[in-house]
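Novice: Provided below for reference: sequence and predicted model.
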Amino acid sequence: MSFSTSFWSLANPARFMSLTARAVPILSVLAGVCLVGGLVWGFFFTPDDYRQGSTVKIIYLHVPAALMAINGWLMMLVASLIWLVRRHHVSALAARAAAPVGVTMTLIALITGAVWGQPMWGTFWAWDPRLTSFLILFLFYLGYMALWAAIDDPDTAADLTSVLCLVGSVFAILSRYAVNFWNQGLHQGASLSLDREKNVADVFYHPLLLSMAGFILLFLALVLAGTRTEIRARRLHALRLRERMA
Amino acid sequence: MTRIFLRDLRLGVRAGGGFGLGLAFFLIVVVLVPFGIGPETARLGPVAPGILWIGALLACLLSLDRVFALDREDGALDLLATAPVPLEGVALAKAAAHWITTGLPLCLAAPALAVLLALPWPGHLWLAVSLLAGTPALSLIGAFGAALTVGLRRGGLLLSLLVLPLYVPTLIFGADVARRGAEGLSPLVPLALLGAVSLGCLAILPFATSAALRVNLR
């Protein structure tokens, strides 16, 4: 079975449930191993940076959390598009399940950034473009979740939040560049990128990669578990309705 | 479409439409600011463009929940949806009427209120220009938010939570036009970007608004 057919077969909730019942424990264990490995390695077995001292070690929480904060929104966008185009309920529920995880990642990135910024920049908060765009991203997540929570009918809620997610994505990107225009930054450029030479030394880089893998796996495990909960809640609701009809 | 526009305009201007309420709110915000931060001209001048823009933005927000809610309550929205006019056109007409009843008065009143906040002279002109270029975007984004929350009983608070983050780019560019104008710099770059935001909203958002309306009318 090719990847695409097996991926779309997950639109069947029964198949999704049976597959994720096996996948979630595996993913959780892997996430735990990577996170514990990456964080312990990073915190205790890497040297202090020659300028930043031991504060450099917050990178193992900050960078992966920021990565997943943005990719969480991206996943919501893709899932919303799949819902709007193909009307797979699992997809809408996955988008819903991703929002709380994404908002937590955003919050982790903001808080660890503030904790690092205090000794390094001498302030917990500066209206720097990157910090500001993360704060705006946080607000977008809040609005998205509030809209899901406010609407009773699940299909209406899925439709409206999907439209909001699409429009919100456009405005989130627009805000990102508007904020760049608005204020010059303190924050350093991207530490990691796919198309440039890396500017993080290997001693820090390897545990960081492990920790990032851990965050990605953790995100997947949490979103899948959240989606399973949503599917169960939906089934429960259907059963209750049936009982009331009988 | 023209008829819907004129009808909304008439409803907005007549008693109970809330016309003038936004303006009064704007006036009160401007009057309250010196009490909060002090009456010195040297202190008021630099913050005036930002305060005036935020005031305008909040005044715009005030009347948003009426855009579709009243029509939904009395069933007019269902008629509009089945009328031989595309729902996108209805959304556009409604946003335009909202702009005429709130955005345009704000543009005209802002230079006068800027005097109260001691905005340096050329800033008045650029403030009006920036509001003129930016408030259409505020009305269009607001109409989209109103369409999302039209089915909810107490959508007002949620509406502001949804709409305010979307206002960020407009606010940044708009306030920057006014600030640069007041400082005697050339405000053309942010003005062009502000215009781009408004035109982009004009091109895209009526479709999103009508999609949200269709879902809510199902």
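Specialist: Perfect, I can see it now. Numbers count the residues shown, from 1 in each chain, chains lettered A, B, ... in the order given.

Novice: when you work out contacts or count neighbours from here on, use the C-alpha atoms and nothing else.
Specialist: Fine.

Novice: helices of chain B, start to end?
Specialist: Listed in chain order, the helices of chain B (DSSP state H) span B:2-13, B:21-37, B:41-62, B:66-73, B:76-82, B:87-98, B:104-116, B:122-148, B:156-166, B:168-182, B:188-217.

Novice: one more: chain A?
Specialist: All helices of chain A, identified by DSSP H, fall at A:3-8, A:13-44, A:59-86, A:89-121, A:129-150, A:154-182, A:202-245.

Novice: between those helices, which one is closest to B:P165.
Specialist: Nearest of those to B:P165, taken as Cα to Cα: helix A:129-150 at 6.5 Å.

Novice: elements contacting that closest one?
Specialist: helix A:89-121, helix A:154-182, helix B:156-166 (3 or more Cα pairs under 8 Å, 6 or more residues apart in numbering or on different chains; DSSP states H and E).

Novice: contacting residues around B:F25?
Specialist: B:F25 sits next to B:A59 when contact means Cα atoms under 8 Å, 6 or more residues apart in numbering or on different chains.

Novice: next one: the one 4 residues further on
Specialist: When the contact criterion is Cα under 8 Å, 6+ apart, the partners of B:V29 are B:G55.

Novice: so the least confident helix or strand in chain B by mean pLDDT versus helix B:87-98, what angle?
Specialist: Least confident helix or strand of chain B, by mean pLDDT, DSSP states H and E, is helix B:2-13 with a mean of 78. In terms of direction (axes from the mean of the first three to the mean of the last three Cα atoms, to 10 degrees), helix B:2-13 departs from helix B:87-98 by 30 degrees.

Novice: pLDDT score for residue 188?
Specialist: No chain specified, so I'll use chain A. On the pLDDT scale, A:Q188 is placed at 65.

Novice: um, chain B though
Specialist: Model confidence at B:L188 (pLDDT) stands at 88.

Novice: what's the burial count for it?
Specialist: 13 (other Cα atoms under 10 Å in any protein chain shown).

Novice: name the nearest residue to it, sequence neighbours excluded.
Specialist: Nearest residue to B:L188, sequence neighbours excluded (Cα to Cα, 6 or more residues apart in numbering or on different chains): B:V177, at 7.5 Å.

Novice: make sure the one you found is actually in contact with B:G184.
Specialist: No: checked against Cα atoms under 8 Å, the pair B:V177 and B:G184 is beyond contact range at 10.6 Å.

Novice: of the two, which one has the most company?
Specialist: Neighbour count, other Cα under 10 Å: between B:V177 and B:G184, B:V177 has more, with 29 against 13.

Novice: any idea how many residues pack against A:L19?
Specialist: Burial of A:L19, expressed as a neighbour count using other Cα under 10 Å, amounts to 12.

Novice: ditto for A:I58
Specialist: The number of residues packed near A:I58 is 17, by other Cα under 10 Å.

Novice: before we move on, what about the one 4 residues further on?
Specialist: Other residues within reach of A:H62 by the criterion other Cα under 10 Å amount to 20.

Novice: the one 3 residues further on too?
Specialist: Other residues within reach of A:A65 by the criterion other Cα under 10 Å amount to 26.

Novice: check contacts around it.
Specialist: A:A65 neighbours (Cα under 8 Å, 6+ apart): A:105-106, A:108-109, A:215.

Novice: if we can go back for a sec, and the helices of chain B, which one averages the lowest pLDDT?
Specialist: When those are compared on mean pLDDT, helix B:2-13 scores lowest, with a mean of 78.

Novice: kindly calculate the angle that it makes with helix B:66-73.
Specialist: 100 degrees.
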